[in-house]
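Participant: 3D, please:
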Amino acid sequence: MRKRIEANERIKREYLTYLKDAKGHDETTLDKVAAALVEFEEAIGFKPFKSFHRDWAGRFKKHLETRRNARTSKPLGVTTRDATLRLVKGFIFWLATQKGYKSKLTYEDAAYFNNNAREARAAHSPRPVFYPSPEQCAHAFRQMPEATEVERRNKAIFAFAMLTGARDSAIASLRLKHVDLVDRCVMQDGREVHTKNGKTIMTWFFPVDPMYHACFEAWVTYLRQDCLRGPSDALFPKQMVGTRNGQFAALGLSAECYGNGQPINTVVKGAFVAAGMRAFNAHSLRKTLAMLGDKVCESMEQRKSWSMNLGHEHLATTINSYLPVSIERQGELIKKMSDAIEVGALR
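Facilitator: Modelled structure (predicted):
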């Protein structure tokens, strides 16, 4: 059972305040840090941090090895264990600078929370990312129903994800004022839209199947003309739930945005599953678009523009994140180029 050590709670609050106000971390990161610190306290038997001992690092590592995922009941993966260790290591490093703790621990103590080299490599090694082909996306999209208002919204969500490659959290927080149908673009304003790191991104619709644009344009027109929604209303409004005849029931769409990207993911995954395919999430469509760009872009300037449209400041980000090349493929490509040069030289 969790215990509360007042001194621990106080210094944890100070650390979270430091991360928020001095380091600029968001609430999601703060929640992860807070959860990691509770795990650490559980591993050491909820002892005061002022009684710190280096052995605690080893106890914490063993604790993580025995922990199981609350949702799947499977052991924690190496990536999760590595990330949790790093979060607690950061806290210990900071703690060594605080009054009342300087004599109890040092910067060197934080190093004991490093993961072993083998697991650290495994945690940070690239993993294959599964993504749908443009043909699979088109098939799933065509299978989506559109009889009700909610179904039309969901189909427009899928269409918009294909048109822009926007992240799920950004899609969930967009408003009508951010969309320009005439210029075929959307402004992901970092001050209002939940973009990665609060970055403002100007995105023009990608050159994909025209059916996506037709669907999305029809949805925006419906909101503006039929529903008389204003510029500050949600682009993809959440569903209202209330009581009807004494029972809970759906009461149509509100004018409010969703609080996070989970509903967007649910829509995209559901579309693929309903079409008999893997449950590809919304983020996987970004790789679909990145791979499409690799095929259609003919100049470096076009590749750079495509990358910027995905919200990347540097082309290298797009290449490293979405266009990996295995060692085997590297060798295959270089050999083909060498063979081509040799054949050309013989002519």
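Participant: can you pull out the helices in the stretch 201-347 of the chain?
Facilitator: 210-221, 262-274, 284-296, 300-309, 315-322, 327-346 (DSSP state H, counting those that start in this stretch).
Participant: ranking those by mean pLDDT, which is last?
Facilitator: Ranked on mean pLDDT, the bottom entry among these is helix 327-346, at a mean of 71.
Participant: could you dump the helices of the stretch 201-347 of the chain into JSON lines and include distance to Leu176 and mean neighbour count?
Facilitator: All C-beta spots, glycine's among them, are computed from the backbone N, C-alpha and C. Below are the helices of the stretch 201-347 of the chain laid out as JSON lines (distance: least, C-beta to C-beta, whole Å; neighbours: other C-beta atoms under 10 Å):
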{"stretch": "helix 210-221", "distance to Leu176": "7", "mean neighbour count": "17"}
{"stretch": "helix 262-274", "distance to Leu176": "17", "mean neighbour count": "19"}
{"stretch": "helix 284-296", "distance to Leu176": "22", "mean neighbour count": "18"}
{"stretch": "helix 300-309", "distance to Leu176": "21", "mean neighbour count": "16"}
{"stretch": "helix 315-322", "distance to Leu176": "29", "mean neighbour count": "16"}
{"stretch": "helix 327-346", "distance to Leu176": "44", "mean neighbour count": "9"}
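Participant: adding distance to His139, write those out as CSV.
Facilitator: Formatted as CSV, those follow (distance: least, C-beta to C-beta, whole Å):
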stretch, distance to His139
helix 210-221, 12
helix 262-274, 9
helix 284-296, 13
helix 300-309, 24
helix 315-322, 22
helix 327-346, 27
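Participant: what's the closest of the ones you listed to Gly90?
Facilitator: Nearest of those to Gly90, taken as C-beta to C-beta: helix 315-322 at 24.4 Å.
Participant: helices or strands up against the closest one?
Facilitator: Packed against helix 315-322 by the contact rule (3 or more C-beta pairs under 8 Å, 6 or more residues apart in numbering; DSSP states H and E) you find helix 284-296, helix 300-309.
Participant: got the angle for that helix vs helix 300-309?
Facilitator: Counting by axes from the mean of the first three to the mean of the last three C-alpha atoms, to 10 degrees, helix 315-322 lies at 70 degrees to helix 300-309.
Participant: helices of the stretch 1-150 of the chain, start to end?
Facilitator: Along the stretch 1-150 of the chain, the stretches classed as helices by DSSP H, counting those that start in this stretch are 6-21, 27-43, 55-66, 78-95, 107-111, 117-124, 134-143, 149-164.
Participant: deepest-packed of those, please.
Facilitator: helix 149-164 (a mean of 23; mean count of other C-beta atoms under 10 Å).
Participant: ok, and what's touching that helix?
Facilitator: 137, 140-141, 144-146, 166, 171, 186, 203, 205-206, 208-209, 211-213, 215-216, 218-220, 222, 235-237, 239, 250, 252-253, 264, 267-268, 270-271, 282, 285, 288-289, 309 (C-beta atoms under 8 Å, 6 or more residues apart in numbering).
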